[in-house]
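> what follows is a predicted protein model with its sequence.
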Amino acid sequence: MGWRALLRVIDFQSLLSSQPVVASALEKAQHAGGTKSPEARALREAYYLLAKVLWTRRASIQRIHDLAWLDHTVVSAGARLGRVWENADGSRSIRAAEEALPQGVAPELFPLAGSSWIDVPVQAFAGISPTVKLQRGVSQPYRVGIVPESRLRPWYEAVTTAKFSAPPAAVSVLGEIEALIAAARRAGGPSVSLVFAASSFEDRLAE
């Protein structure tokens, strides 16, 4: 079964105000492959996704997943802010990292079931709520975890401690999380979060 996951630092303020960047990419894609090309369709959907989240001030698990990959592939493409994990080897590494982390911490980034909502400050324009509600949890075939800025310090301490006794399969993931949290804390800002966005290829295509 095809599977991929993304660990990424996301500044939701920058991401949700990136419609001009997506519009520019869409225009280039339409010139290169036509308005009905797969790339143009995907970018058009991404543009409307940003608009919907800004308007409703809510982003479901699937929308967070899509936003994370949009940030990774278009908005901040090339930035050293994330890493992709794929298929069986990647899945085993992520699972090992989950098991190495304290049970009271791990579900924030690696949820196993259910869902919850958190508020992240994202300014838009006058008269609109200054926060956006983000959903984290599991909604097949998607799995999304979010560690907001206010939780980055305890997460850094938990990851640093877990690395000392973690099995080899977990160390690469924990090291990546540690580096990403350090980058997020340097960036600062209450709209910055560490995000885990995973999905199954086959289940998604079967919908």
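Sure, I can see it.
> what's the burial count for residue 102?
The burial count assigned to residue 102 is 11, neighbours taken as other C-beta atoms under 10 Å. C-beta here means a position set from N, CA and C on the backbone, and glycine is covered the same way.
> list the contacts of it.
Taking C-beta atoms under 8 Å, 6 or more residues apart in numbering, we find residue 102 in contact with 158, 162.
> for this structure, what spans make up the helices?
For the chain, applying DSSP state H gives helices covering 12-16, 19-33, 38-56, 61-70, 87-100, 106-109, 152-165, 168-187, 201-206.
> would you mind listing the buried residues in the second one?
The reference is to helix 19-33. 19, 21, 22, 25, 26, 29, 30 (16 or more other C-beta atoms under 10 Å).
> the first one - nearest residue in space that isn't next to it in sequence?
On the basis of C-beta to C-beta, 6 or more residues apart in numbering, the spatially nearest residue to residue 19 that is not a chain neighbour turns out to be residue 50, at 5.3 Å.
> isn't the one you found up against residue 23?
No - counting by C-beta atoms under 8 Å, no contact exists between residue 50 and residue 23, whose distance comes to 9.8 Å.
> would you mind measuring from the residue lying closest to residue 158 once chain neighbours are set aside to residue 55?
Among residues not flanking residue 158 along the chain, residue 105 sits closest, at 4.8 Å (C-beta to C-beta, 6+ apart). Distance, residue 105 to residue 55, using C-beta to C-beta, to the nearest Å: 33 Å.
> again, but for residue 184
For residue 184, the distance to residue 55 - C-beta to C-beta - is 27 Å.
> the more surrounded of those two?
Set residue 184 next to residue 55 and count neighbours by other C-beta under 10 Å: residue 184 wins out with 24 against 10.
> low-scoring stretches of this structure, by residue?
The chain contains residues with pLDDT under 70 at 1, 124-128, 202-207.
> redo that, cut-off 50
203-207 (pLDDT under 50).
> my guess is residue 190 contacts residue 119. True?
No - contact criterion C-beta under 8 Å: residue 190 and residue 119 do not qualify, at 9.9 Å.
> on that earlier part again, tabulate the helices of the chain (CSV), appending distance to residue 139.
Formatted as CSV, the helices of the chain follow (distance: least, C-beta to C-beta, whole Å):
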stretch, distance to residue 139
helix 12-16, 19
helix 19-33, 24
helix 38-56, 16
helix 61-70, 4
helix 87-100, 18
helix 106-109, 15
helix 152-165, 23
helix 168-187, 23
helix 201-206, 11
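> who wins for proximity to residue 76 among the ones you listed?
Closest to residue 76 of these is helix 12-16 (C-beta to C-beta; 7.8 Å).
> CA-only coordinates of the closest one in CSV, if you can.
Extracted in CSV, the C-alpha atoms of helix 12-16 (Å, rounded to 0.1, in the frame of the first residue of the first chain):
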residue,chain,number,x,y,z
PHE,A,12,0.1,29.4,9.1
GLN,A,13,0.0,33.2,8.8
SER,A,14,2.3,33.0,5.8
LEU,A,15,0.7,29.9,4.3
LEU,A,16,-2.9,31.2,4.5
